[in-house]
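Chemist: From the sequence below, what's the structure:
(chains A and B)
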Amino acid sequence: MSNLSLEEVNELYLDVLKEIGNIGAGNATTAIANMLNLRINMHVPKVELLPVEKIGSSIGAEDEIIVGIMLGVEHDIEGSMMFLMDMQSARHLVNRLMMKPADYEGEFDEMDLSAIKEIGNIIAGSYLSALSGLTNLVIMPTVPYVAVDMAAAILSVPAIQFGMLGDNALMIKTEFGDDFAINGYFILMPEEGSYDKILKALGIPL
Amino acid sequence: MGETIKVGMADLKICKEPDSLTTIGLGSCVGIALYDPLTKISGLAHIMLPDSTQIKNNSVIAKFADTGIKKLYDDMIKAGANRTRIVAKIAGGARMFALKNAATSSINIGDRNVEASKAMLKQLRIPLLAEDTGLNYGRTVILDSNTGDYIIRSVGKDTKTI
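Modeler: Below you'll find the model as predicted:
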């Protein structure tokens, strides 16, 4: 069995991941729209393959404070995934969810953080069920964890995970919103061997 | 005050008085600061992983604690630092997310990066003067070549100097 590195991932595979990202983000958007009772438009996700060293600055400034939600992924494929939002987007979603004034800008309290976890659950769950539906693999998320910190510090986690496998990391950018655009980023971090399983399940020859 | 030179992820650099070295947002990575107090030659490495021998794809020297610290040490000696005077301070190695049982090998990577850095310093007989490691938050570090101070900034916390 071959062990593909991300460098060997071909255009076709990028397209497949983009499609999964598209369906997943679509599901997630619908779920959030229902929860918040809004009409939401979304853009086609952007899939990017970037050098591990560049990942810390891929969302904005390295010292910009962002929100990261991380979940483990287990069963047929193993690894973890992350959903990241800039502060403005997170604040906006939380204000909506917690029925605070739209321009409220205070620090996140415990309730806010659990609302963020819930958003993470919904978004990650939607993404994973898209991946699961396409591949027929059983993919289960674990409980989400939240960190609010400097972008580079949060992104060091996927950078290290990808750094073990090769020199590139894969990132999917989504944008959705009504009058306010939410910028979100997905990072799927499979353990070694799981890429092969995804490709095989999709019928892509190795 | 001299210039502040930026060290990226999986990167290392040296400088002389009056310049400073900085790396932004260390998470689970470790920032190793080496300093010769007499010549004031300073070095900073931002390593991501503990051990280059455990990874197939290991061409980037500064990515690993073992090869990165060795290279930084060699570069400093080449620049005129004395091996008997070089001292070290380290920061970083946080666990950014408190994932307990997920099947991912990167969970304890912060701890492992710190351990591997200490082991390499010991092997090179470099005394470790101070550390600010572990816990669950990011750190921006600055190494001031004038004083050897290692300044650590985190979100919502006071600036620390070690």
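
Chemist: Now that B:Ile24 has come up, it's in contact with B:Arg139, right?
Modeler: No - here B:Ile24 lies out of contact with B:Arg139, judged by CB atoms under 8 Å, at a distance of 9.4 Å. Any C-beta I mention is one placed from the backbone N, CA and C, and that applies to glycine too.

Chemist: Can you name the next helix or strand after the helix or strand of chain A with the lowest mean pLDDT?
Modeler: Lowest mean confidence among the helices and strands of chain A (mean pLDDT, DSSP states H and E): strand A:41-42, at a mean of 71. For strand A:41-42, the following helix or strand on the C-terminal side (DSSP states H and E) is strand A:46-51.

Chemist: Tell me which other helices or strands the following helix or strand past that following strand touches.
Modeler: Downstream of strand A:46-51, the next assigned helix or strand under DSSP H and E is strand A:65-75. In terms of contacts (3 or more CB pairs under 8 Å, 6 or more residues apart in numbering or on different chains; DSSP states H and E), strand A:65-75 is packed against strand A:79-86, helix A:87-97, helix A:110-135, strand A:139-141, strand A:145-150, helix A:151-165.

Chemist: average pLDDT for the longest one?
Modeler: Per-residue pLDDT values over helix A:110-135 give a mean of 85.

Chemist: Buried ones in it, by neighbour count?
Modeler: For helix A:110-135, the neighbour count (16 or more other CB atoms under 10 Å in any protein chain shown) marks A:112, A:115-117, A:119-132, A:134-135 as buried.

Chemist: Repeat that for the first one.
Modeler: By neighbour count, and taking 16+ other CB under 10 Å as the criterion, the buried residues in strand A:79-86 are A:Gly79, A:Ser80, A:Met81, A:Met82, A:Phe83, A:Leu84, A:Met85, A:Asp86.

Chemist: Distance check, the residue nearest to A:Ile65 when sequence neighbours are not counted against chain B.
Modeler: Leaving aside its sequence neighbours, A:Ile65 sits nearest to A:Met87 (CB to CB, 6 or more residues apart in numbering or on different chains; 5.5 Å). A:Met87 sits 11 Å away from chain B when distances are taken as CB to the nearest CB, to the nearest Å.

Chemist: Okay, now the unreliable bits of chain A?
Modeler: Low-confidence segments of chain A, defined by pLDDT under 70: A:1-13, A:18, A:38-40, A:42, A:44, A:178-179, A:204-206.

Chemist: separation between the residue positioned nearest the centre of it and chain B?
Modeler: Among the residues of chain A, the one closest to the centroid is A:Phe186, at 2.0 Å (CA atoms, centre = their mean). Using CB to the nearest CB, we find A:Phe186 at a distance of 16 Å from chain B.
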